[in-house]
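In: Predicted model and sequence follow; I will ask about them next.
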2 protein chains.
Amino acid sequence: MEGEPLSALCSPALVVDVDKVKKNAQRMIERCQKLGIQLRPHMKTHKTIECADIMTAGSRRCIVVSTLAEACFYADHGFDDILYAYSVPFDKVERCAALSERLDLFQVLLDHPDALTLLKQRPLKGGRLWHVWMKLDCGNGRAGVLHTEPEALGLAQAIAETEGVELTGVYVQCGNTYHCRGMEQIQAVVQETTNYLLQFMKQLNAAGISCKSSIGSTPSCSHPVDDMAKLSEVHPGNYVFYDVQQSGIGSCSLEDVAVRVLTRVIGHCPHRNQLLIDCGWSAISLDGAGKLPTGYAVIEGHPDLKLLSMTQEQGRVEPISGPLDYSKYPLGTLLKLIPYHSCATALMHPVYYVHSEGRLLGKWTPTRGW
Amino acid sequence: MEGEPLSALCSPALVVDVDKVKKNAQRMIERCQKLGIQLRPHMKTHKTIECADIMTAGSRRCIVVSTLAEACFYADHGFDDILYAYSVPFDKVERCAALSERLDLFQVLLDHPDALTLLKQRPLKGGRLWHVWMKLDCGNGRAGVLHTEPEALGLAQAIAETEGVELTGVYVQCGNTYHCRGMEQIQAVVQETTNYLLQFMKQLNAAGISCKSSIGSTPSCSHPVDDMAKLSEVHPGNYVFYDVQQSGIGSCSLEDVAVRVLTRVIGHCPHRNQLLIDCGWSAISLDGAGKLPTGYAVIEGHPDLKLLSMTQEQGRVEPISGPLDYSKYPLGTLLKLIPYHSCATALMHPVYYVHSEGRLLGKWTPTRGW
């Protein structure tokens, strides 16, 4: 396979442009160096060893994961300083304890006193401490204790005071940047979130507690504000691939997107003014429904086409307006789809095909499951 | 794991009730026997050996698949008489040829003269014939030559007359039954589709051509009409699991649905009147968006709750009306989601956990990719 063109691949296939991956990763590394903040890249988008190596510049240290399966996968491959940034699941405490006892630095996260009780009930062996981040919701609307609630400071204090447990840091997701359009809006949300987090850290300090602070999301870390330098860490993930959604938000340009789904024309339906392609929702996901004028993806080099709808293994493509010129799309024609949401698209693929300037280099195999 | 209750599983997890699977499979076998029509079950929903064994009553013969990866997987496990019911992909002719030369009976499908040319250009070794089904569109609106077009008869004749190729049958999907509500509407669509197909077979006969005919979709085969006895085969697939969508169409009752996604409460968000659960779109898919009053799934035993929205690894659950009683849902509470579309949900899971009456029996591992 090595050295062959992309057209040698059977479709559908997820292809990764390794040069763009490296460029996206390097740019984030430099941005964080310049700001003087620790980069802790998130693995959830790709879940591969190779991409993690690129994001950590080969150190295999200081990463964040979304599932315990990822944590175990990376630990098995020599990674360490892993933050499992997910409200401590009550069914996985024993697995978390095993990782805490095995790695130099395995870190968990919580946002509820009951989770703290759970950790207290399972002291770690060898005098080790549970390294705990507290999740704070500064307007994100996902998990986390609301920063305005008195419970937030109370929980942080409880973590800090609990025997066998260390308050490692305060963790803030700013996924609310996903509603932004353009750098100015992104930076307004990031500034506000940073302010809330800094205020909270000040309250902690006043209570005699010091710990790290972390902020994340690809839009915010693609356009950081100066005050983020006062925080300890950032934890973006999607930026290594980027996607159409991120280009719409303003995190990147469409040229920065490192992944495509290769697909081929498999049918002509002149009675419906449509083409059929061999990419269904099993290959690109249903994410982005109704959000793009070009449907579920952007078809590279064909801004006049729309991926209208899909079944499990087929996509229906039609012109945005006018009749389709079938002579331009004979059966077998190769098309490249730029995904709306690369996290969702990558998850559909058991293997990624990696290339440099259109020449295949090899395969990356992601981990799956929980 | 064997013998343990479902609560021993980490979540999210896809659990399969093997008794319901067997009951759904047996009912379809008996329905087809009664009608006197060959059942060729579709594998696309589950993609496992174990479930295929149940659907074929252990014969490992006469199945239909949606990807070449499935075809190879089943061939490798001793299955034969496999129909790859997908418009012959131009990039996979060599792999199709290899299966045709290796199995007793590997069958392909096409709906365009260019695909026929392609098969002609790759004659099979040992004097073997390409076994070709022609796909006919009788109102389904997916792939297939439109039954009203003169090209349909022309293509069937061309297949029958091509050296090295055999016209094995005419294949009709009736996915348009998915718009129906209740048996009466389903049977109206099935009757019409069957009539169109029988008319087409009559035209073929008049042209001196005889071959098989096949009709499929889970709604149509759950409520067959008598005239389907005049056809050769049916090819439903989803019926072995069923799902909320099929119960809404009227193919089954909600009690027949054999799969659940196990999930646990991982967060309380009183400021939003929501719970967080550990099932995001990575575990249940985004299929069914906006189609159910209960959101992306039905939460078993909790008709008052709605799975409102999801991120990759989390779901937001809120009451359909009124305030949430958090004392009923402490962190760690186990909930069971009945999927809207089991094909889409199963595809998200690298392994299925199989149980009988809530006691674990083992794991099934599906094939993936293309």
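Out: Perfect, thanks for sending it.

In: ok, for whichever residue of the stretch 251-370 of chain A sits closest to chain B, nearest residue in space, not its chain neighbours?
Out: Closest approach between the stretch 251-370 of chain A and chain B, counting by Cβ to the nearest Cβ: A:G332, at 3.3 Å. Quick note: C-beta positions are derived from backbone N, CA and C, even for glycine. Distances taken as Cβ to Cβ, 6 or more residues apart in numbering or on different chains put B:F90 closest to A:G332, at 3.3 Å, once the chain neighbours are dropped.

In: And A:A289, by the same measure?
Out: Using Cβ to Cβ, 6+ apart, the closest residue to A:A289 is B:A289 (6.2 Å).

In: For A:R264, what is the enclosing helix or strand?
Out: strand A:259-269 (DSSP states H and E).

In: quick revisit: go ahead and confirm the residue nearest to A:G332 touches A:L331.
Out: Yes - counting by Cβ atoms under 8 Å, A:L331 is a contact partner of B:F90 at 5.9 Å.

In: what about those two, which has more around it?
Out: Using other Cβ atoms under 10 Å in any protein chain shown as the criterion, B:F90 and A:L331 rank with A:L331 on top: 24 against 19.

In: Look up how far A:G267 lies from the nearest residue to that one once chain neighbours are set aside.
Out: Leaving aside its chain neighbours, A:L331 sits nearest to B:D114 (4.9 Å; criterion: Cβ to Cβ, 6+ apart). Distance of B:D114 to A:G267, given as Cβ to Cβ, to the nearest Å: 10 Å.

In: Mutual contacts of these two, please.
Out: By Cβ atoms under 8 Å, 6 or more residues apart in numbering or on different chains, B:D114 and A:G267 have these common neighbours: A:L331.

In: between those two, which one's more packed in?
Out: It is A:G267, of B:D114 and A:G267, that has more neighbours when counted by other Cβ under 10 Å, with 24 against 13.

In: helix/strand/coil for the residue nearest to A:L331?
Out: With DSSP: H, G, I helix; E, B strand; the rest coil as the basis, B:D114 sits in helix.

In: Show the contacting residues for it.
Out: A:330-332.

In: okay, it: pLDDT?
Out: Per-residue confidence (pLDDT) for B:D114: 95.

In: again, but for A:G139
Out: 88.

In: Am I right that it sits in a strand?
Out: No - under three-state DSSP, A:G139 falls outside any strand and is assigned coil.

In: was I right about it contacting A:T194?
Out: No - using Cβ under 8 Å as the test, A:G139 is too far from A:T194 to be in contact (11.5 Å).

In: Quickly list what A:L146 is bridged to.
Out: For A:L146, the beta-bridge partners under DSSP bridges are A:D137.

In: Run a quick neighbour tally on it.
Out: By other Cβ under 10 Å, neighbour count at A:L146 equals 19.

In: measure it to A:V132 for me?
Out: Remark: distance between A:L146 and A:V132 (Cβ to Cβ) = 19 Å.

In: Next: A:P123.
Out: 13 Å.

In: between the two, who's got more neighbours?
Out: Neighbour comparison, A:P123 and A:V132: the larger count goes to A:V132, with 24 against 14 (by other Cβ under 10 Å).

In: Go ahead and confirm that one touches A:F106.
Out: No - taking Cβ under 8 Å as the definition, A:V132 is not a contact partner of A:F106, at 10.9 Å.

In: What pairs with the strand or helix carrying A:R316, parallel or antiparallel?
Out: Element membership for A:R316, per DSSP H and E: strand A:315-319. Partners of strand A:315-319 in the sheet, by DSSP bridges, are strand A:274-277 (antiparallel), strand A:305-310 (antiparallel).

In: May I see the buried residues of it?
Out: Going by neighbour count (16 or more other Cβ atoms under 10 Å in any protein chain shown), the buried part of strand A:315-319 is A:315-318.

In: same check, this time on stretch A:164-171
Out: In stretch A:164-171, counting by 16+ other Cβ under 10 Å, buried: A:165, A:167-171.

In: Stretch A:285-296 now?
Out: Buried residues in stretch A:285-296 (16+ other Cβ under 10 Å): A:285-289, A:292, A:294-296.

In: hmm, who's touching that stretch?
Out: Residues outside stretch A:285-296 that contact it (Cβ under 8 Å, 6+ apart) are A:244-245, A:248, A:284, A:297-298, A:303, A:305-310, A:315, A:320, A:339-341, A:344-345, A:347-348, B:281, B:285-287, B:289, B:344.

In: residues from the stretch 201-350 of chain A in reach of chain B?
Out: For the stretch 201-350 of chain A, the residues in contact with chain B (Cβ under 8 Å from any Cβ of the partner chain) are A:264, A:266-269, A:271-272, A:276, A:278, A:281-283, A:285-287, A:289, A:311-314, A:330-332, A:343-344, A:347-350.

In: Restricted to strands, list the contacts of stretch A:285-296.
Out: A:297-298, A:305-310, A:315, A:339 (DSSP state E).

In: I'd like to know which of those residues are buried.
Out: Going by neighbour count (16+ other Cβ under 10 Å), the ones in strands among the contacts of stretch A:285-296 have A:297-298, A:305-310, A:315, A:339 buried.

In: CSV please, covering these and showing pLDDT.
Out: Listed next are those as CSV, based on pLDDT from 0 to 100:
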residue, pLDDT
A:A297, 98
A:V298, 98
A:L305, 98
A:K306, 98
A:L307, 98
A:L308, 97
A:S309, 96
A:M310, 97
A:G315, 98
A:P339, 98
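
In: Closest one of these to A:D80?
Out: Of all these, A:D80 sits closest to A:P339, with 31.2 Å by Cβ to Cβ.

In: Would you map out the domains in chain A?
Out: Following automatic domain parsing, chain A resolves into domains at A:36-241, A:254-364.

In: In the stretch 151-300 of chain A, what residue spans correspond to strands?
Out: With strands called from DSSP state E, counting those that start in this stretch, the stretch 151-300 of chain A shows them at A:165-173, A:212-216, A:233-234, A:259-269, A:274-277, A:297-299.

In: between the fourth one and strand A:315-319, how big is the angle?
Out: Strand A:259-269 and strand A:315-319 are oriented at 80 degrees to each other (axes from the mean of the first three to the mean of the last three Cα atoms, to 10 degrees).

In: Which residue ranges of chain A form helices?
Out: Counting by DSSP state H, chain A has helices at residues A:18-35, A:49-55, A:68-76, A:93-102, A:113-120, A:150-161, A:183-206, A:218-222, A:244-249, A:281-284, A:342-346.

In: Show me which positions of the longest one end up buried.
Out: Same thing as helix A:183-206. A:185-187, A:189-190, A:193-194, A:196-197, A:200-201, A:204.
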